[in-house]
Each structure stands twice: as C-alpha cells, then as structure tokens.
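Undergrad: Requesting a structural model of the entry that follows:
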Amino acid sequence: MTEPGSQARHPQPASADAFAALSRAPLFAALDRVDRERLAAAAETVTLAPGGMVFHSGQPYGACVHLLVEGRIEVQRPDGSSELLEPGAVLGLANYLDQSPYGSTAIARTPVRLLRIPDPALRALERERPALADAISRALAERIRRRAVRPVPGGVLAEPVRHAMKAPLATCAPDTTLREACRTMQHRRIGSLAVRGPDGALVGVLTFAGLAEASLLHGARPEDPVARAACETPRTVSAEAPLWEAEARLEREGLRYLIVVDEDGQAAGVISRTDILERVLRAAGTVLLEVRGAPDLEALAAARSRLVGFAAELRETQRRASRAVRLLSEAHLAIQRRALALVEEALEREAGPAPCAYAAIVMGSGGRREMLLDPDQDNGLITAVADGADWFATLAARWCEALERIGYRRCPGGVMACEPAYRADLATWRRRIDTFVERPGELAGQWSNVVLDFDTLAGEEPLVEALRRHLLEAIAARPRLLEFMAEHDAQGRPALGLFERLRSAGDPEGRGRIDLKRNGLRLLADAARIYALGHGVGATATGDRLRALARLGVLSRDLVDSVLEAHDVLLDLLLTHQLGQALAGDVPDALITPRALSATERSLLRNAMRAVRRLQDRLLGDYGRQVL
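TA: Got it, this is the predicted structure:
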C-alpha cells in the first residue's frame, strides 16, 4: 500500500468481523471455518479515506492481497478503462501469482475498509487446500474472459441453433424404468433421453452419467422409474438462438449438450459441441472440396497459397481462435492427404499397389490439429508387416518431396516418413516405444514430446489405434518416461519475470520479443500430453486432453478452465501476428514484440502466462524428477 500513514490509519490486527468478511468473499467461500479463521488471524485491517490509493501502476508488489470489506474502489488501467469494485472483491491477486509490479492503480472512492492478507499466509494455505487453488484458477479464468474482447461471430456461427441440432428428440415417459431407458439409449446409440410429462412438457433429462450415479451412488434399482431415480434438470436453448451463443453456454457451464426448445417452449431437439463443430466443418467444405479434387501438385500449391485468406476469414467468423486454428489445421491436413494420394496413384502405376496395408500419420502440431500458417512436416508411416520396404521408402521420399514443393518445409529434426526411423511396420514401432519407455533419458523425453501426438492422416486407422493402445499400456506399466518428458518441458518457462510483467524469451536476435510457441503454447501442449499419457487418455488435441483430464478428476475444472482460456488467448495473439506478417509478404514466425501490443493485449498475455505457469508448476510437482 502506498504510504498508508498519509491516506489511512496504520494497519491494525483484523477485527472480529474479519472472519465474516472472508466468509462472504467468493474467493474464500470454499474454505472451511478453521482455514478462514487462520487467514483472519494473519490479516490486518486497513482503512482509507476517499482518494487514498491501495497501490499505483508500476509500484512493486506489496507481498499481500487486499480484500475489500466496506466501500468502493476504482481500478484504473493503463488503457484508460476503469472498474468500480464492490465489497468482496480481491485486489492484487494477479500480482500475487507472479510477484510482478502492479499494472493498474486502485483508488478509494468512498471511505474504505480492507483486509490486508500477507502473501506467505495465502501461499501456504493455497499449497495445502486445493479448494483455494481452484478458486484462484477460477478468478484467473474470469479475468481473462472479462478482458478478452471477442467479436460477435458471423458466418455459420451466426446461424440459428435449429440448423445444427439433432432432431427429433428421443424421449421417454417419467415412469419408464431405468432398465428400459438404458436399453433404448444403447439400441439407438444416443447419450441422452428427454423425459416428458403426460402433457408433453419437458420435465427432465436422462444420461448415462445420471444412470451410473443413480445406480452406484444412490442404490437405484433397474425397475425404478427414471423420474424418481436419475432425472436431471434440463438445460435449454432457443432454436432461434445463434450457434455461438449455444457454444458459449456449453463451454461456460461445462455441459455436454443443450435441449433445444421452440417458440412455444416445447423440446425440439438436442445440440452438442460436436454438432456445432460438424456444422462449421460443413461450412468450410468449399475449401476442403477444392483440395480433395485437386488434379496435381500445382493445384495443391495454389490451394496452399490461399490458406492465408482462409485463415483471415476464419479469424473474423469464429468466436474462438482455437476453433479457427482447428479448421485451418483440417485444411492443411487435407492438402497433405491429397498429396499422398496423388503420389501413391503415380507409384501404383509404376510398381503396382502397396504390398500391405498401411497408415500415414502426422505428429506434432498436425497430430494436435494446432497448425498455424507455416507448419513444417511431421509425418510417418506405419505398415501392417515388414514386407515391401522399398515400395514404402519410395512412397515416403516422393511424398515428403511433394509436400516441400507445395510449401511445407522439411522438419529440422528429421521427423518425416522419408527417414527410416519414422517409417516402419507396427511391430517395429512398438519396439521403439518400448525402448524409450523401458530406458528413458533426455533424448527419449525430447522425442516423446513430438512423436507421441501421432494421429491418423490417411490409411488404416486400426494400425494407429493399435499403436496408441500399446503406448498407453506401456506407459501405464513403466511411467518413468513421463518424468523425462516433464524435464524437457521445464527447459522452457512462461515469459514472466520476477520484477517485470513480461519477459522477452526465445528471441535469438535479442530484440525483446517473446516466442509464443516455445514459452507458451508448447508448455501447455507438453503438460496436457504428459498428464493424458499418464492417465490413459487417447485424445491428441490439447483442449480435448485437458477436458478429458477434468472429467476424470485428474485436474480440477477450474484449473483446466483457466488453462483453456490462456490457450485461446495465446493462439489468438499468434494467429493475428502471423496473419499480419503473411499479408505483408513476410515469413510467419512465433516471435511477438510486447511493446507492439495494446494495453489490453499485454494484460491478456500476462494473465495467460500466469495460467501457463500454474499448470507447469503443477506438472513439475507431479512429474518432476528430484534433480529439478
């Protein structure tokens, strides 16, 4: 606090109502009585007259957070915006996360009473109480959401929900038994049933999760009616609401689906994230159809050159950068898939068909569906048997050469199908994985953080799934490889300094730039990969992995929420940066200059890096070796 003696009475030990103030504050509400009493005992009461400052922009972190108990405080930001805080607000939480100087100024607008909570007391409690750590992650996610200005999407996401919903809605009566409902869902291969009353009104929803909870936790019997045993309150959305609104609710509330209701309030269908994604992909079909029908490599190169314009359109029409990047990745992969098909057709005319079944795989950002404007090649081949090595060597060499002609750089690390290490039969791939799992080391950790994002590009999906099952089983039996993967991840750190808000990192020319991939996005991808492999999650996309880990309870929903928001911010900043470079005729890179960002963008980047560091710290705590 700035010179508290001039603007306020000297801090005094917290009064008896400090406990009540902590109980009312959302950040501390999840703590039990003993923990709130512990914080109250460590806190001090501070008062300010109108005009008194709690802190000012640029002031060093005061090793505390402030809880507003009475009065109102205005927070003034460098971009000119301001916010009036009410009792229950916590000031200085972002600075608590990284001990950075204050980025805004907080001024009392009425007589104010605060609780000054010392950093050591709060940090000790956060380490001991996951509920407090989750509350801080929740506050960080909300801070990012509040500062992120996402334009109202146009295009397909502006269409009404009815264009993408599944209809008609599968229903059952309230007296339907759990056994009958379960059989219906299994037979129709659906994940939910709407429960309608005698008058046709929607009274609830039944899901497999609800069935399991009713049976395993509440002792429900197969003959019990669904209305009494496992009926959930339905979450609805209007059939005329835009798709982006339904998507936002699904994300914000952590829902798997929404019941769609018509203008009379009657259930008309159901919509999920998958339904929305499928609708968006269909809308992008013109680009994908053009690629699928390309007659030669020259046509593919032309399509590749038009992806900058496609990405710019996606950036304007998609609510989240992560969705835009996913669609851009699908376009990149469609080009690479078609290139393989053209090369294979030519080889078949010369040397006959493939000697055995095979699958082409992509790794790295391709496997995660996180390709931006200038991805390099990360690919491989898995054959069913060892026969036909020469045929597949020719296919791989020509494919990698074709991709280079189209505009995809060769991988600097040689992770390409034209290299023998990434072209082998399934049995050999399994042995290579076993070697790294059984005898892990630094090289194994580095290799795994690229290769183990493999996913199918073309060919026989069962070969890829067989390799993924083997990988998950091998790591479950010998998880030590994950420690070396975490050690490799720790070589990069978020671009946050101890005494500065943003620190240049990963800039080979020393021009004060930040490498958003190396010091941001890669760290999130590494952590998601390590946790996913450690808990048997087969998904490859960073977002899909994190959401699966939250469902399993491995990571808290609040932590995952903050990380997903950070992931989207970093993708948005990087995609915007690369679009600007590409449209100016420059080669896209991942190096951004913080000084060139707006105050709002710098604030978003700072908070995103805080979320990255919290996840990386958690990762190193769970998987870091003793040498760390």
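
Undergrad: what residues are up against the closest residue to Glu344 other than its chain neighbours?
TA: Nearest residue to Glu344, sequence neighbours excluded (CB to CB, 6 or more residues apart in numbering): Leu395, at 6.3 Å. Yep, even glycine has a C-beta here, placed from its N, CA and C like the rest. Shown in contact with Leu395 (CB atoms under 8 Å, 6 or more residues apart in numbering): Val343, Glu344, Leu347, Ala354, Leu381, Ala417.

Undergrad: how about the host helix or strand of the third one: buried residues?
TA: Here Leu347, judged by DSSP states H and E, is contained in helix 321-351. For helix 321-351, the buried set under the neighbour-count rule, 16 or more other CB atoms under 10 Å, comprises 321-340, 342-344, 347.

Undergrad: Save the contacts of Leu395 as CSV, and put in pLDDT too.
TA: Listed next are the contacts of Leu395 as CSV, based on pLDDT from 0 to 100:
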residue, pLDDT
Val343, 98
Glu344, 98
Leu347, 98
Ala354, 96
Leu381, 98
Ala417, 97
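
Undergrad: can you tell me which of those residues lies nearest to Val195?
TA: Leu381 (49.9 Å; CB to CB).

Undergrad: how about that closest one, secondary structure?
TA: strand (DSSP: H, G, I helix; E, B strand; the rest coil).

Undergrad: Quick check: beta-bridge partners of it?
TA: Under DSSP bridges, the beta-bridge partners of Leu381 are Ala360, Arg423.

Undergrad: Output the below-cut-off pLDDT ranges for the chain.
TA: Within the chain, the ranges that satisfy pLDDT under 70 run 1-16, 149-154, 229-230, 283-286, 492-511, 625-628.

Undergrad: Would you mind giving the domain segments of it?
TA: 4-128, 159-272, 284-474, 479-628 (automatic domain parsing).

Undergrad: Ser137 is nearest to which of these?
TA: Here domain 479-628 is closest among these (CB to CB), at 4.2 Å.

Undergrad: my read: Gly598 touches Asp79, true?
TA: Just to correct that, residue 598 is Ser rather than Gly. Yes - between Ser598 and Asp79 there is a contact at 6.7 Å, judged by CB atoms under 8 Å.

Undergrad: neighbour count winner among these two?
TA: Set side by side, Ser598 and Asp79 show more neighbours around Asp79, with 14 against 10, by other CB atoms under 10 Å.

Undergrad: do you know how far the more buried one is from Arg513?
TA: As judged by CB to CB, to the nearest Å, Asp79 and Arg513 stand 21 Å apart.

Undergrad: Distance from the helix holding Leu347 to the middle of the chain?
TA: Helix 321-351 has its average C-alpha position 25 Å from the chain's average C-alpha position, going by CA atoms, centre = their mean, to the nearest Å.

Undergrad: Using just helix, strand and coil, how would you label the closest residue to Gly197 other than its chain neighbours?
TA: Leaving aside its chain neighbours, Gly197 sits nearest to Val203 (4.7 Å; criterion: CB to CB, 6+ apart). Following three-state DSSP, the label given to Val203 is strand.

Undergrad: Number of residues surrounding Val203?
TA: Neighbours around Val203, by other CB under 10 Å: 18.

Undergrad: coming back round to it: does the residue nearest to Glu344 sit in a helix or strand, and which one?
TA: helix 389-406.

Undergrad: Measure how that helix sits relative to helix 321-351, angle-wise.
TA: 130 degrees (axes from the mean of the first three to the mean of the last three CA atoms, to 10 degrees).

Undergrad: Pull out the buried positions in helix 389-406.
TA: Quick answer for helix 389-406 (16+ other CB under 10 Å): Trp391, Phe392, Thr394, Leu395, Ala396, Ala397, Arg398, Trp399, Cys400, Ala402, Leu403, Ile406.

Undergrad: Out of those, which comes closest to Ala302?
TA: Looking across the buried residues of helix 389-406 and measuring by CB to CB, the closest to Ala302 is Ile406, at 9.3 Å.

Undergrad: residue contacts, the closest one?
TA: Counting by CB under 8 Å, 6+ apart, Ile406 has contacts Leu297, Leu300, Ala301, Arg304, Ile335, Ala339.

Undergrad: Just name the closest of these to Trp244, please.
TA: Ile335 (27.8 Å).

Undergrad: Which residues are in contact with the closest one?
TA: Neighbours of Ile335 in contact, by CB under 8 Å, 6+ apart: Val291, Ala294, Leu300, Ala303, Arg304, Ile406.

Undergrad: Between those, which sits nearest Ala359?
TA: Val291 (19.9 Å).

Undergrad: And the closest one, its phi and psi?
TA: phi -70, psi -40 (degrees, to the nearest 10).

Undergrad: what's the residue nearest to it when sequence neighbours are not counted in contact with, if anything?
TA: Computed as CB to CB, 6+ apart, the closest residue to Val291 that is not its neighbour in sequence is Ala334, at 4.4 Å. Applying CB under 8 Å, 6+ apart, we find Ala334 in contact with Val287, Leu288, Val291, Arg292.

Undergrad: can you count the residues close to the last one?
TA: Read that as Arg292. Count around Arg292 with other CB under 10 Å applied: 13.

Undergrad: Find the nearest non-adjacent residue to it, please.
TA: Arg338 (6.2 Å).

Undergrad: my guess is that neighbour contacts Leu297, does it?
TA: No - using CB under 8 Å, Arg338 is not in contact with Leu297; the gap is 9.3 Å.

Undergrad: Tabulate the domains of the chain (TSV), appending distance to Arg147.
TA: Converted to TSV, those look like this (distance: least, CB to CB, whole Å):
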stretch	distance to Arg147
domain 4-128	9
domain 159-272	16
domain 284-474	15
domain 479-628	5
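
Undergrad: Could you check those and tell me which one is nearest Ala135?
TA: Once the domains of the chain are compared by CB to CB, domain 4-128 is nearest, at 5.1 Å.

Undergrad: what's the nearest residue to Val450 if we skip its chain neighbours?
TA: Gly364 (5.3 Å).

Undergrad: Spit out the contact partners of the one you found.
TA: Pro375, Asp378, Val415, Val450, Asp453.

Undergrad: ok, now Glu247?
TA: Neighbours of Glu247 in contact, by CB under 8 Å, 6+ apart: Leu157, Arg273, Ile276, Arg319.

Undergrad: element containing the nearest residue to the first one once chain neighbours are set aside, please.
TA: Right, Leu157. Of all residues not flanking Leu157 in the chain, Trp244 sits nearest, at 4.1 Å (CB to CB, 6+ apart). Assigned by DSSP H and E, Trp244 belongs to helix 243-252.

Undergrad: likewise Arg468?
TA: According to DSSP H and E, Arg468 maps onto helix 461-477.

Undergrad: do Val237 as well
TA: Going by DSSP H and E, Val237 is part of strand 236-238.

Undergrad: Now do the buried residues in that strand.
TA: Neighbour-count burial for strand 236-238 [16+ other CB under 10 Å]: Thr236, Val237, Ser238.

Undergrad: Gly197 is in contact with Asp175, isn't it?
TA: No - with contacts counted by CB under 8 Å, Gly197 stays clear of Asp175, the gap being 10.4 Å.

Undergrad: Need the overlap of contacts for Ser598 and Asp79.
TA: Joint contacts of Ser598 and Asp79 (CB under 8 Å, 6+ apart) do not exist.
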